[in-house]
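> Need the 3D shape of this:
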Amino acid sequence: MTDNRNMILAIILSMMVLFGWQYFVAGPQLDQAQQQAELASQQEEAGSPDIAAPAGEGVGPGASDADIGQFETREAAIGAARRIPIETDAVTGSLNLTGARIDDLQLKRYNETTDPDSPIITLLSPAGSPEPYFLEQGWVAPSGSDAQLPDSQTQWALAEGSPETLGPDAPVMLEWDNGEGLVFERTISLDENYMFEVTQSVTNTGEGDTALYPYSRISRLYTPQTQNFFILHEGPIGVLGENNLVEMSYGDLAGDGQRDYAATGGWLGFTDKYWATAIIPTQDEVVNARFFHSPRGTSNNDYRANFVSQDAVVVPAGGSAEHTSLAFAGAKVESIIDAYETGYGISRFELMIDWGWFHFITKPMFYLIRLLFELVGNFGLAILAVTVIIKAIFFPLANKSYASMANMRRVQPQMKEIQEKHKEDRAAQQQAMMELYKKEKINPVSGCWPILIQIPVFFALYKVLFVTIEMRHAPFFGWIQDLAAQDPTTIFNLFGLIPYDPTIVPVIGPFLQVGVWPLIMGLTMWVQMKLNPPPTDPTQAMIFGLMPIIFTFMLATFPAGLVIYWAWNNFLSVVQQWFIMRRHGVTVDLIGNIKASFSRKKSEPAE
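Numbering: from 1, shown residues only. All right, here's what the predicted structure looks like:
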């Protein structure tokens, strides 16, 4: 069995695994989530106060015309309110004193393009801007209470003695007096990266005790552009107690309207490919969480994620009480995410990064690539080194596999005799073949294993390149300045010599960006196939002849780092197979096989 047949079999088996996972695992989990949402809805209809309040139902007003599109630019929206600057080595922005919202945040370590002079990434923007996206905290009053609470329009003041810029070791303290006996204070701190800590306190100068429920909310009043690719989740996300990992698309949330979850601790928010926001209660706090969508105002794109504590905070007369929660807003850097999970004890916060089904392979592979990067200083070279390590680990299995293939090549004349002798009796032919395999100690399926083992490794590497921010804008050499993006060159404009962009061609344009590295990959794949004589069956010969072409066009759209890995892996496989088969006494006539394939094509018209 050749490598090509093994590849076809491996792809079929992989598809069976994917469909099996969807049917037996993902489907039941989705059903469970829907049942939880139905239960929460029934509790709300019964008037239960411990359900996470939807936007505009006790958690401040929902999206209004003023929130959405009031200003033509983001800068105009920022300039319309009094603000406290935010400045660290990782982020820059400002805190809005209207509503005490965290609504202006940019990530200083990341640019929009590979050009270092391009704008830095904008994550959060205020209400009224073209793409509102912000964090806020507050209090919910029990049913029947007429207490005046701070909302999105409350004008907070900077407390006396508070720093005038929010930064590491410089928490900002805000205050607001409702004039009815309650004084609200809010202390917001920020570490050197992306974690905000918000402590809300209430002082009761009245005569009676006051009970309040603390809440935290993320509002995203537009639908972001997503890649809609099965290998990556973008949208609402959370880890909520027994519900485990909760993921849904923006379209799913818009269709359902809302989904409710009861949990102890956990976290929830919105994730993009490289950036995310999350609100995080203390991990022993019992909360009701809600993902919510509303078609309010002039927009149909109003997404919310919030949680409300199930237990009220009682503020005694003449006393005070407080509540603390966390809010993450930043880049999904693995080391930072893991440090937050460990340092704050956040339940499975690592799942903010979509490691995928093969996480037990993907994450160790990421660690290995990162370690090698620290040694060689280039992620592309680290990928090449990882490929060599993987080849070395699986060399014993590959050795056994190629040895079996060499033995099959050696008994090829005997196999042809059997086929000729029993060409009218397939059963007898198969029986004779099995006896030959047994006599020569050949396992005809052993050649499948190297390909099958590479399938999860391939997907794991694909995940690492596709979802980890460390690979974003990571250069290799020459024209490859971003290993996470496809090769920017294309043969269809002679690699830039012709001033024409073939990708603008309707329908087929995306498939016309076939760059240098995809061509190298296709060539190495074709050479690997030529290590074996061409199949005698014309149909098989045609399929195997088309495979390098098909894979060249298909992988041309993949991240350049993955194409480089595949090309390098093919080259190592050629060397490995040639060495092993020569050692077992099989003549590898690579040049002869190449000539035979061309001479066969030339002779076909004359037949």
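> Going by C-alpha atoms from here, please, whenever you check contacts or count neighbours.
Fine.
> Show me which residues of stretch 498-507 are buried.
Buried residues in stretch 498-507, counted by 16 or more other Cα atoms under 10 Å: 502-503.
> From one end of it to the other, what's the distance?
End-to-end span of stretch 498-507 (Cα to Cα, to the nearest Å): 21 Å.
> for that stretch, the distance to its chain's centre please.
Its chain's C-alpha centre lies 29 Å from the corresponding centre of stretch 498-507 when counted by Cα atoms, centre = their mean, to the nearest Å.
> average model confidence for that stretch?
For stretch 498-507, mean pLDDT rounds to 80.
> Ok, stretch 200-210 next?
Rounded mean pLDDT across stretch 200-210 is 92.
> who's in contact with that stretch?
Outside stretch 200-210, the residues within contact range by Cα atoms under 8 Å, 6 or more residues apart in numbering are 138, 180-187, 314-324.
> Count the neighbours of Asp177 for me.
Around Asp177 there are 17 other residues, counting by other Cα atoms under 10 Å.
> So it sits against Phe184, correct?
Yes: Asp177 lies in contact with Phe184 (Cα atoms under 8 Å); the separation is 6.1 Å.
> rewinding a little: what about burial for the contacts of stretch 200-210, which qualify?
Among the contacts of stretch 200-210, those classed as buried by 16+ other Cα under 10 Å are 138, 181-187, 314-317, 320, 322-324.
> Check for me that Ala427 belongs to a strand.
No: under the criterion used here (DSSP: H, G, I helix; E, B strand; the rest coil), Ala427 is helix, not part of a strand.
> Without its sequence neighbours, what residue ends up closest to Thr387?
By the measure of Cα to Cα, 6 or more residues apart in numbering, the closest residue to Thr387 outside its immediate chain neighbours is Asn569, 6.4 Å from it.
> Please determine how far that neighbour is located from Gln137.
Note on Asn569: its distance to Gln137, by Cα to Cα, is 51 Å.
> Next: Phe476.
Relative to Gln137, and taking Cα to Cα, Phe476 is found at 44 Å.
> Neighbour count: these two, which is higher?
Shown here are Phe476 and Gln137; by other Cα under 10 Å, Gln137 has more neighbours (26 against 18).
> Tell me which helix or strand comes right after the helix or strand where that one lies.
Using DSSP states H and E, Gln137 sits in strand 133-140. Sequence-wise, the next helix or strand downstream of strand 133-140 (DSSP H and E) is strand 157-158.
> okay, and for the stretch 501-607 of the chain, where does confidence drop off?
532-538, 540, 584, 586, 588-590, 592-607 (pLDDT under 70).
> Mind pulling up the pLDDT for the residue of the chain most remote from its centre?
In terms of distance from the mean C-alpha position of the chain, Lys421 ranks first, at 56.5 Å (Cα atoms, centre = their mean). Here, the pLDDT recorded for Lys421 equals 79.
> Quick check: it vs Val315, distance?
Distance, Lys421 to Val315, by Cα to Cα: 95 Å.
> same thing with Pro214?
Distance, Pro214 to Val315, using Cα to Cα: 12 Å.
> do the same with Ile580
Taken as Cα to Cα, the span from Ile580 to Val315 is 78 Å.
> so where does the closest residue to Leu232 other than its chain neighbours fall, helix or strand?
Distance criterion Cα to Cα, 6+ apart; nearest residue to Leu232, sequence neighbours excluded, is Asp354 at 6.5 Å. Using DSSP H and E, Asp354 is not contained in any helix or strand.
> Could you break the chain into its assigned domains?
According to automatic domain parsing, the chain comprises the domains 3-15+362-606, 49-354.
> Burial-wise, tell me which of these comes out on top.
Neighbour counts (mean count of other Cα atoms under 10 Å) averaged over each of the domains of the chain peak at domain 49-354, with a mean of 19.
> Following element in sequence after the helix or strand of the chain with the lowest mean pLDDT, please.
Within the chain, confidence by mean pLDDT, DSSP states H and E is lowest for helix 27-45 among all helices and strands, at a mean of 42. Counting by DSSP H and E, the next helix or strand C-terminal to helix 27-45 is helix 74-79.
> Please list the outside residues in contact with that following helix.
Helix 74-79 is contacted from outside by 70-71, 104, 125-131, using Cα under 8 Å, 6+ apart.
> Need the max-distance pair from the residues you listed.
Using Cα to Cα, those reach their maximum pairwise distance at Gln70 and Asp104, which is 16.1 Å.
> and Ile469, what does it touch?
274, 331-333.
> now it: how far from Asn288?
Distance from Ile469 to Asn288, by Cα to Cα: 31 Å.
> residues in contact with the residue nearest to Leu232?
Going by Cα under 8 Å, 6+ apart, Asp354 touches 232-233, 467.
> Would you reformat those as JSON lines and include distance to Val198, secondary structure and pLDDT?
Shown next, in JSON lines, are the contacts of Asp354 (distance: Cα to Cα, whole Å; DSSP: H, G, I helix; E, B strand; the rest coil; pLDDT from 0 to 100):
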{"residue": "Leu232", "distance to Val198": "31", "secondary structure": "coil", "pLDDT": "89"}
{"residue": "His233", "distance to Val198": "28", "secondary structure": "coil", "pLDDT": "93"}
{"residue": "Val467", "distance to Val198": "29", "secondary structure": "helix", "pLDDT": "90"}
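> Which one of those residues is nearest to Arg426?
Nearest to Arg426 out of the contacts of Asp354 is Leu232 (Cα to Cα; 47.1 Å).
> so where's the stretch 301-450 of the chain uncertain?
For the stretch 301-450 of the chain, the stretches flagged by pLDDT under 70 are 405, 409, 441, 443-450.
> Helices of that one, residue ranges please.
Listed in chain order, the helices of the stretch 301-450 of the chain (DSSP state H, counting those that start in this stretch) span residues 334-344, 359-376, 379-393, 395-410, 412-421, 426-440, 449-467.
> Redo those helices as a markdown table? Include distance to Glu112.
Formatted as a markdown table, the helices of the stretch 301-450 of the chain follow (distance: least, Cα to Cα, whole Å):
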| stretch | distance to Glu112 |
| --- | --- |
| helix 334-344 | 20 |
| helix 359-376 | 23 |
| helix 379-393 | 20 |
| helix 395-410 | 42 |
| helix 412-421 | 58 |
| helix 426-440 | 59 |
| helix 449-467 | 16 |
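> I'd like to know which of those helices is closest to Tyr261.
Counting by Cα to Cα, Tyr261 lies closest to helix 334-344 out of the helices of the stretch 301-450 of the chain; the figure is 21.1 Å.
> Centre of the chain to the closest one, how far?
So, by Cα atoms, centre = their mean, the centroid of helix 334-344 is 17 Å from its chain's centroid.
> For the remainder of this discussion, apply numbering that starts at 5.
Let's use 5 as the start, then, which means that last one is helix 338-348.
> What lies in contact with that helix?
With contacts defined as Cα under 8 Å, 6+ apart, helix 338-348 is touched by 197, 350-354, 356-357, 472.
> could you redo the last one with a cut-off of 6 Å?
The contact list for helix 338-348 (Cα atoms under 6 Å, 6 or more residues apart in numbering) reads 353-354.
> With stretch 553-563 instead?
488-490, 518, 522, 526.
> for those residues, which one is nearest Gln416?
Gly526 (28.1 Å).
> Report the secondary structure element holding the closest one.
Using DSSP H and E, Gly526 sits in helix 520-533.
> which helices and strands does that helix pack with?
Contact here means 3 or more Cα pairs under 6 Å, 6 or more residues apart in numbering; DSSP states H and E; on that basis helix 520-533 packs against helix 542-559, helix 564-587.
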